[in-house]
Every structure is written in structure tokens, then in C-alpha cells.
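**Q** One predicted model, sequence on top.
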Amino acid sequence: MGSSKLLCYCFLLQLLFTASLIQSAPGNLKLFREYIGAEGKNVRFSDVPINPNVDFHYILSFAIDYTNAILPSPTNGDFTAYWDTENLSPSQVSSIKSKHPNVKVAMSLGGDTINGQFVFFTPESISSWVRNAINSITQIVKEYHLDGIDIDYEHFNADPDTFAECIGRLLFFLKQNKIVSFASIAPYDNDSVQPYYLALWSKYGNLIDFVNFQFYAYDKGTTISQFLQHFHDQNTNYKGANILVSFGTDDSGGLKPDKGFFEACSTLKSQGKLHGIFIWSADDSKEAGFPFEKQSQALLASAK
């Protein structure tokens, strides 16, 4: 047996015998998360207000396994940082974390587009994609002093089982070897997306700490009652998950802050179901001065 095959075989045995030992983090009623850096608007960590009474996660957007070219092409798991690396550099990650002990920084994989074209999950094989992803992601995590990882692929050139195996094995390695301390996924309710994340949750849900469900992908004009029903539906889909509620500060859909989002959050909080809030994105919030970031964190930090 060749060394690469032996390594893969040993890894699979390790996965089978010890995956069940890794448990996801307990629910956190004061978790605020925000995606940052995807739109090139020169937003910095220090621009975003940080309430010291919440757990605050920045999510760098995005690391992508595509070439950096006019016509990008997939690299089979060889990830590169495509966020605004000038304003969100390794030194700035270290600085914001040293100034705010409640801050952690993660990176999100995939995203929607690169240079105007869709980013597809395109593995050549499970073993080769996982091997390349482990190597490239470990390097980025160490360079940027990151704490966690988020999975946000939205387009697929593979079946759900292949996606589940690739991402599941990657998360297992990263957590088992303490390269990251938490992991999240970012699904939304679409027949071309949700089956991939449900397959991943079914097989490897014990490795996933948070579900950043994209409630802003629902229709514009979503009402409070519809939002609460959507939350119930996704709680059923991702049974046992810490599902975070969300809205976008761009032109996306869902339930907006001025239409009752925080009222819905208060209802969930009174029921003990508000595990956290995340926003897409700091880039879009910058011009307005981050009012909803402040309001979200104040709600999470409040006793009631």
C-alpha cells in the first residue's frame, strides 16, 4: 500500500472511531457574528462597534479555492484569501483581538461569486480535495491568527454525499488537531443548496457549532410570523443545532430591522431559542454607521 493510501486509510479509521467524541459547543445566547471584507469597501475591524458584553465573531469573506485570474478556475481545495487583505491583515486581526478579549475571528469558505462568476464546489476527488484543503486552510489560519471556520458554498459541481464527506473530513481534521476551535455552516432555503447542508449535518453535525442560516435569502417583505415559522422549520431540519438568526444590511430579502426583526428576536429570546444574531455584512453597514450592529448586540447583552 502506498504512503498516500495508507495515510488516507489511517485517517478514515481515526474518523470512524473518534468523530463521535467531538461534541459541538453549547448554545450561546450572547453570540454576535458579522461577515466582513467581501465587497472591497475599505471596512476595518475597528470600524465596527463592539459591545464588551457579547461574544463577537468577525467572519472574513471569503477564502476561495479558485485561481486569481480574469477568468478564475477551481483549484481542487487549494484556498486563497480573497477578502480585503489590505484592510483586514494578519496584524489587524491580532490587534483587534488584543484590544477586545471577547472577539474571535473566523474565515468563510466559498461564497457566491468571484470576479462576477459563480464559485462552484468542484472536487476532483474526496481525498485530493481534503488533502489540499487541509494544507491551504491550515496555512491561512496560522498566518491570520484565526479561531474558526465557516462553510458558505452556494453552487455545486458534486453530489450532496461528496460535499458532506469533503467538508466533514476537513472539519474533523481541523478540530481534532486544534487548528480551529469552532465551525459553522451558512445554508439557506433553496432546493439547490439545502440538500448539501442537510447531508453534511446528518453525517457530521457533531462537528458544527453554529448554523448561520441565511434568513435574508427569504422573500422581501417577510413578516414576523413568517420569520418565526421559518425559524421553526429550520430548527426541525437542523435538529439540535445552534441556529443563528440573521438579516442583511444590503438589498437582500427576509425580515428587516425596521419591519420587526428585533421584535421577533425578543420573542425567541423569551422562549430561550435565541442562540445569536449574525449580519451580512459590515461592508454594507459602514455607510450608515452600524446602527443595527449596535442594536443587535444590545439585545443579546440585555438580561431580558
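**A** Yes, it's here. Numbers count the residues shown, from 1 in each chain.

**Q** What segments of the stretch 101-250 of the chain are helices?
**A** 126-144, 160-176, 194-204, 224-237 (DSSP state H, counting those that start in this stretch).

**Q** closest one to A282 among those?
**A** helix 126-144 (16.5 Å; C-beta to C-beta). Bear in mind the C-beta positions are built from the backbone N, C-alpha and C, glycine included.

**Q** just checking, what packs against that closest one?
**A** strand 55-64, strand 80-81, helix 90-99, strand 103-111, helix 160-176 (3 or more C-beta pairs under 8 Å, 6 or more residues apart in numbering; DSSP states H and E).

**Q** Flag every buried residue along the first one.
**A** Buried residues in strand 55-64, defined by neighbour count with 16 or more other C-beta atoms under 10 Å: D55, F56, H57, Y58, I59, L60, S61, F62, A63, I64.

**Q** my read: D147 touches N102, true?
**A** No: here D147 does not reach N102: they are 12.0 Å apart, not a contact under C-beta atoms under 8 Å.

**Q** which of these two has more neighbours?
**A** The neighbour count for D147 versus N102, taken as other C-beta atoms under 10 Å, is higher for D147 (19 against 15).

**Q** so what's the more buried one closest to, chain neighbours aside?
**A** Computed as C-beta to C-beta, 6 or more residues apart in numbering, the closest residue to D147 that is not its neighbour in sequence is K104, at 4.1 Å.

**Q** number of nearby residues for the one you found?
**A** 20.

**Q** re earlier: which stretch among the helices and strands packed on helix 126-144 comes nearest F261?
**A** Going by C-beta to C-beta, the one of the helices and strands packed on helix 126-144 nearest F261 is strand 55-64, 18.9 Å.

**Q** mind listing what that closest one pairs with, with the direction of each?
**A** strand 31-36 (parallel), strand 80-81 (antiparallel), strand 103-111 (parallel) (DSSP bridges).
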